[in-house]
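Colleague: Dropping a prediction and its sequence here:
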Amino acid sequence: MVSRYFFRKKEKQETKNKEENFSVKIVKNIEKNLDNLKEILGEPNDLVIREFTIKGSKHKCAIAYIDGMVDSNLVHNNIMKNVQLITGRDSLPEAESELFEEIYQEILSVTSIKEGTTLDDISNGILSGSTIFYLNGVSKVIIMDTGRWETRSIEEPTTETVIRGSREGFIEDLRTNTVMIRRYIKDPNLRFKTYQIGRRSKKDLVLSYIEGIINPDIVKEVNRRLETIDMDDAPESGYIEEWIEDSFLSPFPQVLNTERPDKVSSALFDGKVAILLDGTPFVLIAPSTLGNTLQSPEDYYERWTIGTLLRALRYLAAFIAMFLPALYIALVSFHPGMIPSDLAFSIAASREGVPFPAFVEALLMGLTMELLREAGTRLPTPIGQTIGIVGGLVIGEAAVSAGLVSPAMVIVIALNAIASFSLPSYSVAISFRILLFGMMFAAATFGLYGIILSYIMLNVHLVNLKSFGVPYTTPFAPNFLSDWKDLILRAPITTIKSRPIYMQTQDKKSVNKGDS
Amino acid sequence: MKSFKYADEKISEKEILIAVPSMVIGVGILSMPKDLASVTIAADGWVPLLIGGLIVVLITWMVAKFASGFANQTFLTYASSITTKPVAIVLTFLFAVLFLLITAFQVRQIADISKQYLFDRTPLEVISLAFLLVVLYAVSGSRAGLFRLNVMFLPIILFIALSVFVFNLGWFDLGNLLPVFKTGFNDYVKGLNTIVTSYLGFSILWFYIALVDKPEKAPKMAALGMCIPVVLYIMLFILCIGVFGREVTANLLYPTVELAKVVDIPGGFLERFESIFFVIWIMAIFNTASMALDVAVLAINSIFKNMKKVKILFILAPVVYIISMFPQEIVEVNSFGAVMSKSMLFYSVFVLVLLFVIAKVRGVKRDE
């Protein structure tokens, strides 16, 4: 219900007039044109305008570009030189329009080239690294794509490291990223659909999918949602994710993000879409299900027995990450009789002198854990290690010897933290940590009864959640038994003969490749 | 957006197969062996369980068969075309009331049993309220969601039941089962009488068949689904008698939960397995309660078409809560349950016979 209102609001915003457009036409007078350009850009000092005349004629020309955004070798050798010294030609056409045509067709040796007629075309082009060619007496310009700028080199992704598998990670440059996907998939049906996101920032966003595999409904829906996006700027794909996800109230991410091209390519083969945004190495994968969030690409790279065991271990880790402290609280404060007597005695002995109830104790340690995690992420790496020492040794040790918390609780919280960070996706791990506090609260109020009720509520939420029309809990429910081969179990690759049924792909057969 | 076919509000026949046992397995089985053991000799209770089970499977099949003849029609629609609109409305309304009573019964029972096995100081009212709120949350979501919950929970429930069975085999004493067939005919009838509560729930088919994608397959699946609780009940009953003996079983309040008490988890991680068993069983009770409430909402919604589902829920929830708090003692709760389940059974059979006969007499066509 809430999301309906949300979407209605977005559609309303769309109809606002776009006053940022400059639909001023280009005139014949070159000086006037250049003045216009300088005026809309505010005469920045990185704007380079070179006026010149063609050798042996009176034709005035100019080229304009932004310094640092273009390949200057290309501009000098293939544009300036060619036009300035039109050699080997007996005569040039007198009429400006014919000359313009000749320059466009025969003289400029740049591959990506187009004509522009409005100031808007020029400003868009020049700001994304194009070089503009002006000719006096023609009300058109030539826009040549000469963009080239410094980018980070391709490195190993820092958020999803694997022991075995590709070391490549996406970078901030969109073009490099699409190239990486192209190199994984040489299928002519691989589609890259480009959008411009941000009224002012005009960032490129690419929607990628494989036609013939993906269910067309998904593409349609993703397309519809991407077109509703209306904001000034999208600095990171997180903005896009939040705008297009099904339920922004849910703690579970309905769109996966990854830095790994191999993960993206296997998702595309499963009939999903990838959304790449310029300026961020994090690529979105949609739709995603609960099962997907607990899988890592490495499950497929090691032998299947190990892959299966690792997945089972991850489900256990997810359980520990969400329930362990809650179970401890419930057992200690509500059902001490359920703990075996020997263990109960030692826990009771260790809790002796601790002034707080188990819930407060767990909350204290849990909050400390979160603080440490946050401090560790924000600080520069060398100092970050200090935090680990301070946190682990000083607080853990000192809190126990000061009698603030019991050693058993330290074990529980530590185990819980390790479990939650063993999950392959950080955004999932973090939502589990939010839910953990809810579970602890439920356990403190109702004990085991509270935990099971919260568990049921969590399930109710999950079965009602959808990611781009795909139920979040599938293939558990709605149940597709044949998809279980690649869920908790990672069956040998030779036996995985079809794409996931829950994605309702067009092309169903023969993948021998699992899920993202 | 246009969802995938499998993701929309239509349900598959597989989900009916799961929904029927999920609805039937609830609080009934927890106390059923006690009532049955007190009227039969030794393990003879399995006879009424089996006979009753077969009868219920048959009725289930007939209800599903009858309802599936009216593909994609709600109960109200086909009942009005067979009888008349006012009669159909009364029939639907009575169903809604009965389903509300089922929900109230489950909500009350869960509090009583929780008090027995989980906490002794927390007041009944609070335990019930917490449970009811979760049920409301589930029902206010999508109907397809409820069926998915069944699919997620039923395997866990069957697993825990089976593990109780397996872990108890060591204490099983065959001598407790003897002598066989010593119970008199009247006692068998009495036995049948006591197990009605446990077999309750096939009546959801009156309403849910309308949502099934391929209704022609539904009767078989529903009957098959109904067999699951029949087998489970017979297993658990014989296990109770085998482990405790008839005398003890008849005196235990919740013999099935007590079975779990005997279980010793290998490795000695946890003691008092019965608490864990009951905690898991809450899922089964939840499935029953949420589906019963959902059918009540569905029934009322078919009468008042313009009312929003959430609004109906807001009106029904306090009613359910008050009814559930009405009986004062466990004895009253039990007799409330007995009366309610018998009326549900007889009402369902009555409606089946009524509609079938009138449809034959007036020659209303079923689309087959």
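Modeller: Here it is on my side, so go on.
Colleague: Now the host helix or strand of B:Lys14 - C-alpha only, PDB.
Modeller: According to DSSP states H and E, B:Lys14 maps onto helix B:13-24. This file holds the C-alpha atoms of helix B:13-24, laid out as PDB (Å, rounded to 0.1, in the frame of the first residue of the first chain):
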ATOM      1  CA  GLU B  13      -2.900 -28.000  -6.800                       C
ATOM      2  CA  LYS B  14       0.400 -28.800  -5.100                       C
ATOM      3  CA  GLU B  15      -0.300 -26.000  -2.600                       C
ATOM      4  CA  ILE B  16      -3.700 -27.500  -1.800                       C
ATOM      5  CA  LEU B  17      -1.900 -30.800  -1.100                       C
ATOM      6  CA  ILE B  18       0.100 -28.900   1.500                       C
ATOM      7  CA  ALA B  19      -2.600 -26.600   2.800                       C
ATOM      8  CA  VAL B  20      -5.000 -29.400   3.900                       C
ATOM      9  CA  PRO B  21      -2.600 -31.100   6.300                       C
ATOM     10  CA  SER B  22      -1.300 -27.700   7.400                       C
ATOM     11  CA  MET B  23      -4.900 -26.700   8.300                       C
ATOM     12  CA  VAL B  24      -5.700 -30.100  10.000                       C
END
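Colleague: contacting residues around the helix or strand following that helix?
Modeller: Note on helix B:13-24: by DSSP H and E, the next helix or strand toward the C-terminus is helix B:28-39. Around helix B:28-39, the neighbours that count as contacts under CB atoms under 8 Å, 6 or more residues apart in numbering or on different chains are B:45, B:48-49, B:109, B:113, B:187, B:190-191, B:194-195, B:197-200, B:229, B:232-233, B:236-237, B:240-241, B:246, B:249-257, B:281, B:334, B:337, B:341. C-betas here are computed from N, CA, C, even on glycine.
Colleague: Run the chain-centre distance for helix B:28-39.
Modeller: 15 Å (CA atoms, centre = their mean, to the nearest Å).
Colleague: can you check stretch B:347-361 too?
Modeller: Chain-centre distance of stretch B:347-361: 23 Å, with CA atoms, centre = their mean.
Colleague: likewise stretch B:72-83?
Modeller: Centroid separation between stretch B:72-83 and its chain, computed with CA atoms, centre = their mean, is 24 Å.
Colleague: What would that stretch look like as PDB? C-alpha coordinates only.
Modeller: Extracted C-alpha coordinates of stretch B:72-83, given in PDB (Å, rounded to 0.1, in the frame of the first residue of the first chain):
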ATOM      1  CA  ASN B  72     -13.200 -20.000 -10.400                       C
ATOM      2  CA  GLN B  73     -16.500 -19.400  -8.600                       C
ATOM      3  CA  THR B  74     -16.600 -18.400  -5.000                       C
ATOM      4  CA  PHE B  75     -18.600 -20.400  -2.500                       C
ATOM      5  CA  LEU B  76     -21.200 -17.600  -2.400                       C
ATOM      6  CA  THR B  77     -21.600 -17.500  -6.200                       C
ATOM      7  CA  TYR B  78     -22.200 -21.200  -6.800                       C
ATOM      8  CA  ALA B  79     -24.200 -21.600  -3.600                       C
ATOM      9  CA  SER B  80     -26.500 -18.800  -4.700                       C
ATOM     10  CA  SER B  81     -26.900 -20.300  -8.200                       C
ATOM     11  CA  ILE B  82     -27.900 -23.600  -6.500                       C
ATOM     12  CA  THR B  83     -30.100 -22.300  -3.800                       C
END
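Colleague: helices and strands of the chain: which one bottoms out on pLDDT?
Modeller: Let's take chain A. Ranked by mean pLDDT, DSSP states H and E, the weakest helix or strand in chain A is helix A:2-14, scoring a mean of 47.
Colleague: To clarify, I was referring to chain B.
Modeller: Per mean pLDDT, DSSP H and E, bottom of the list for chain B is helix B:185-195, a mean of 85.
Colleague: elements contacting it?
Modeller: Helices and strands touching helix B:185-195, by 3 or more CB pairs under 8 Å, 6 or more residues apart in numbering or on different chains; DSSP states H and E, are helix B:28-39, helix B:46-68.
Colleague: And the strands in chain A, which stretches?
Modeller: A:47-53, A:60-66, A:113-116, A:130-135, A:141-145, A:190-197, A:203-210, A:256-258, A:273-277, A:283-286, A:466-467, A:470-471 (DSSP state E).
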